[in-house]
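**Q** no sequence for this one, just the structure:
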């Protein structure tokens, strides 16, 4: 198996830059923890969330991280399941990120609970009908499966398990994202979520976000670690990113078109896309222009698409687009009022049923918590790279017959 | 003779009526007491508690039921805080029919569904339905994830956004957990009516056992047209409406 001819190494981790990075990430994690403590101490009254918009910015961050976690593992899967030797050098980093991003997302999710101190209850008292309960097992199981997958990658005596574990992890990541997407699918109560297409949409989004985050971390690890990596090395991952972007665009188009087919859903589509609400701007400018059209233009551009900065810009914009789309679906879907009284106009209500939409302005605490979660994921990634050999040695790539222009 | 017997007959009928009344009254009284559940007896599904709200009797601008609920359960409203974060177990809603313009006033609370979506989605089992149909939150195992609030088709649940004071011992509440109408289970278990029902001076809310064909609520439902909110979802709520 050619992958074993590639050698891997730890991050050197003795430069000032390394300590500065760890220091900054540590400070951001502390900031997130402080925000979580403040939210628990005062209650969610200090956040922008309320009884109308019950899931806010922390959920956007958490779902972003969880989707990225399952998507990022695709890089390893392409190597082991689809047997593309090109991806073998990237497999370990892909597995590491799958675990760290998921942990970061779960930390945000747990710290946003009303009672995070009762995490043990969530781990011991189950309702197996709930997709949330399934997700408790899917998330923990995923971390375990990817952990074993990484072990098999690193331990040569276990190489016969490399492909089977790769396949298990590959299946696991699809089930995991289906579970995450299903949290929002099938909620009959709310017009925006009463559809089955959210699960495949979330799978496609996970592919996009995972690949974008992977490219950014890979480039950062090479640039900051002063490790040689040719631009051609990014060629195939960035082409995949373009393909995944098109897939998400297709599914979100189907989401809106199927809603337009149902006449009573027109109000919802109008609200999200054309009402001039924050969600309309986030969709058209944040997701479509910044997060899809411009990245595609960059990635397919014959010159800019082959520059490192071009790929960094495209991947960063894709992250912005992903956040925008998640915000549109998750917050926008809650801001749109429930239709409780069929055929009736609500004149007044003691619980804001008369509103055309429910306002939501995220608080700084929610933002701090979310940033803290991303920083925690990155801190774990850096520490992982420092302790175990996750990064390929560039000079060993010739062993897998990569063409010369793919490395510096 | 006729003059003498008539008073006796009257007396006899009167006495019989009194005796019969004395004999039957405890039966009637005991019948109502029998609906009170002794604490050591588990709840069973021989009863299903429900409410019928007659919107023809419910009056625009009256919120006695809301006030009574807030008082009964100690739902303190902090005027200085955002209204959207305040607890709301029952609310008054004024509706206007889009076609006919007919206006309707009605209270909306937890509809105590037979198939509650909140129970389906709750990860820990904190949202549950008692055998007698009352949907509750076990505050001891609620982790505050708010998934039930996402799933509730009636927006009937509130999340406790801040530290509470002056909780009632019979109505446990806690910061960081989700809560909603308990159908005044603490009163119902003692054979009393929920606070909103007793507070309604218009007699717009009838409370009772949907499984008992002789109960007032069942009798009314058998003869009068009624509907459930969001009937198409097939949740079979325990709360039904008349005149909407």
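**A** The structure has been received and is ready for your questions. Just so we're clear, the structure is a prediction, and the values are computed from it rather than from any experiment.

**Q** just want the residue of chain B that's nearest chain A.
**A** With CB to the nearest CB, the shortest gap between chain B and chain A falls at residue B:144, namely 1.8 Å. (Glycine included, C-beta is placed from N, CA and C.)

**Q** phi and psi next, for the closest residue to that residue other than its chain neighbours.
**A** Sequence neighbours aside, residue A:114 is the residue nearest to residue B:144 in space, at 1.8 Å (criterion: CB to CB, 6 or more residues apart in numbering or on different chains). Torsion angles at residue A:114 (phi, psi; degrees, to the nearest 10) stand at phi -60, psi -40.

**Q** which residue is the nearest non-sequential neighbour of the spatially most central residue of chain B?
**A** Here the mean C-alpha position of chain B is nearest to the C-alpha of residue B:183 (CA atoms, centre = their mean), at a distance of 4.3 Å. Take residue B:183 and drop its neighbours on the chain: the residue closest to it by CB to CB, 6+ apart is residue B:134, 4.8 Å away.

**Q** contacting residues for the one you found?
**A** B:49, B:112, B:182-183, B:185, B:188, B:238 (CB atoms under 8 Å, 6 or more residues apart in numbering or on different chains).

**Q** element containing residue A:171?
**A** Element membership of residue A:171 [criterion: DSSP states H and E] is helix A:162-184.

**Q** and that helix, which residues are buried?
**A** Buried positions in helix A:162-184, judged by neighbour count with 16 or more other CB atoms under 10 Å in any protein chain shown: A:162, A:165-166, A:168-170, A:172-173, A:176-184.

**Q** next one: stretch B:110-125
**A** B:110-114, B:116-125.

**Q** what's the average pLDDT for it?
**A** Here stretch B:110-125 scores 96 as its mean pLDDT.

**Q** how about stretch A:281-294?
**A** Averaged across stretch A:281-294, pLDDT comes to 98.

**Q** ok, and what's touching that stretch?
**A** Residues contacting stretch A:281-294 (CB under 8 Å, 6+ apart): A:245, A:248-249, A:252, A:272-273, A:314, A:317-318, A:320-325, A:327-328, A:332.

**Q** please apply the same query to stretch A:158-169.
**A** Residues outside stretch A:158-169 that contact it (CB under 8 Å, 6+ apart) are A:1, A:3-4, A:73, A:76-77, A:79-81, A:95, A:98, A:145-146, A:148-149, A:151-153.

**Q** re the thing from before, so the residue of chain B closest to chain A touches residue B:176, yeah?
**A** Yes - using CB atoms under 8 Å, residue B:144 is in contact with residue B:176, at 4.3 Å.

**Q** anything in contact with each of these two?
**A** What both residue B:144 and residue B:176 touch, as defined by CB under 8 Å, 6+ apart, is the set A:113-115, B:159.

**Q** secondary structure and distance to residue A:188 added to the residues you listed, as CSV?
**A** Output for those, formatted as CSV (DSSP: H, G, I helix; E, B strand; the rest coil; distance: CB to CB, whole Å):
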residue, secondary structure, distance to residue A:188
A:113, coil, 24
A:114, coil, 24
A:115, coil, 27
B:159, strand, 21
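
**Q** just the closest of these to residue A:89, please.
**A** Taking CB to CB as the measure, residue A:89 lies nearest residue A:113 of the shared contacts of residue B:144 and residue B:176, at 39.2 Å.

**Q** residues in contact with residue B:127?
**A** B:116, B:118-119, B:121, B:135-138, B:142, B:148, B:178.

**Q** just those that are near chain A?
**A** Restricting the contacts of residue B:127 to those near chain A by CB under 8 Å from any CB of the partner chain leaves B:119, B:121, B:142, B:178.

**Q** quick one: which of the residues you listed sit in strands?
**A** residue B:178 (DSSP state E).

**Q** next, count neighbours for the residue of chain B closest to chain A.
**A** By the criterion of other CB atoms under 10 Å in any protein chain shown, residue B:144 has 22 neighbours.

**Q** and the gap between residue A:206 and residue A:320?
**A** 17 Å (CB to CB, to the nearest Å).

**Q** who has more neighbours, those two?
**A** residue A:206 (31 against 18).

**Q** so that one, which of the three states?
**A** helix (DSSP: H, G, I helix; E, B strand; the rest coil).

**Q** likewise residue A:271?
**A** Secondary structure, three-state DSSP: residue A:271 is helix.

**Q** and the nearest residue to it once chain neighbours are set aside, what does it touch?
**A** Ranked by CB to CB, 6+ apart and with sequence neighbours excluded, the top spatial neighbour of residue A:271 is residue A:336, at 5.2 Å. The contact partners of residue A:336, by CB under 8 Å, 6+ apart, come to A:190-192, A:267-268, A:271-272, A:357-358.

**Q** okay, and which of the contacts of residue B:134 map to helices?
**A** Among those, the members falling in helices (DSSP state H) are B:185, B:188.

**Q** list the ones among the contacts of residue B:134 that fall in strands.
**A** Among the contacts of residue B:134, DSSP E puts residue B:49 in strands.

**Q** so can I have JSON lines of the contacts of residue B:134 showing distance to residue A:351?
**A** Putting the contacts of residue B:134 into JSON lines (distance: CB to CB, whole Å) gives the following:
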{"residue": "B:49", "distance to residue A:351": "23"}
{"residue": "B:112", "distance to residue A:351": "17"}
{"residue": "B:182", "distance to residue A:351": "17"}
{"residue": "B:183", "distance to residue A:351": "18"}
{"residue": "B:185", "distance to residue A:351": "22"}
{"residue": "B:188", "distance to residue A:351": "24"}
{"residue": "B:238", "distance to residue A:351": "20"}
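
**Q** just the buried residues of the contacts of residue B:134.
**A** Here, 16+ other CB under 10 Å leaves B:49, B:112, B:182-183, B:185, B:188, B:238 buried among the contacts of residue B:134.

**Q** picking up where we left off before, count of neighbours near the residue nearest to residue B:144?
**A** By other CB under 10 Å, the residues close to residue A:114 number 23.

**Q** pretty sure it is touching residue B:173, no?
**A** No - if you go by CB under 8 Å, residue A:114 and residue B:173 don't touch, sitting 11.9 Å apart.

**Q** so what's in contact with the two at the same time?
**A** By CB under 8 Å, 6+ apart, residue A:114 and residue B:173 have these common neighbours: residue B:160.

**Q** domain map for chain B?
**A** B:1-34, B:49-242 (automatic domain parsing).

**Q** run the chain-centre distance for the last one.
**A** Same thing as domain B:49-242. Its chain's average C-alpha position is 7 Å from that of domain B:49-242, according to CA atoms, centre = their mean, to the nearest Å.

**Q** just stretch A:171-187 next, same as before
**A** Averaging C-alpha positions (CA atoms, centre = their mean) puts stretch A:171-187 13 Å from its chain's average.

**Q** likewise stretch A:32-50?
**A** Centroid separation for stretch A:32-50 versus its chain: 23 Å, with CA atoms, centre = their mean.

**Q** buried ones in that stretch?
**A** Residues of stretch A:32-50 classed as buried: A:32-33, A:35-36, A:38-40, A:43-50 (neighbour count, 16+ other CB under 10 Å).

**Q** can you pull out the strands in chain B?
**A** Taking DSSP E, the strands of chain B run over residues B:49-54, B:90-97, B:103-109, B:127-129, B:135-137, B:158-159, B:178-179, B:205-209, B:239-242.

**Q** retrieve the pLDDT associated with the residue nearest to residue B:183.
**A** The model's pLDDT for residue B:134 equals 98.

**Q** same thing with residue B:7?
**A** So residue B:7 comes in at 59 (pLDDT).

**Q** now do residue A:112
**A** pLDDT, read off for residue A:112, is 97.

**Q** who's in contact with it?
**A** Contacts for residue A:112 were tallied using CB under 8 Å, 6+ apart; they are A:36, A:39, A:58-59, A:62, A:366, A:369.

**Q** residue B:42: neighbouring residues, count only.
**A** Counted with other CB under 10 Å, residue B:42 comes out at 7.

**Q** state the distance from it to residue B:132.
**A** Distance, residue B:42 to residue B:132, by CB to CB: 10 Å.
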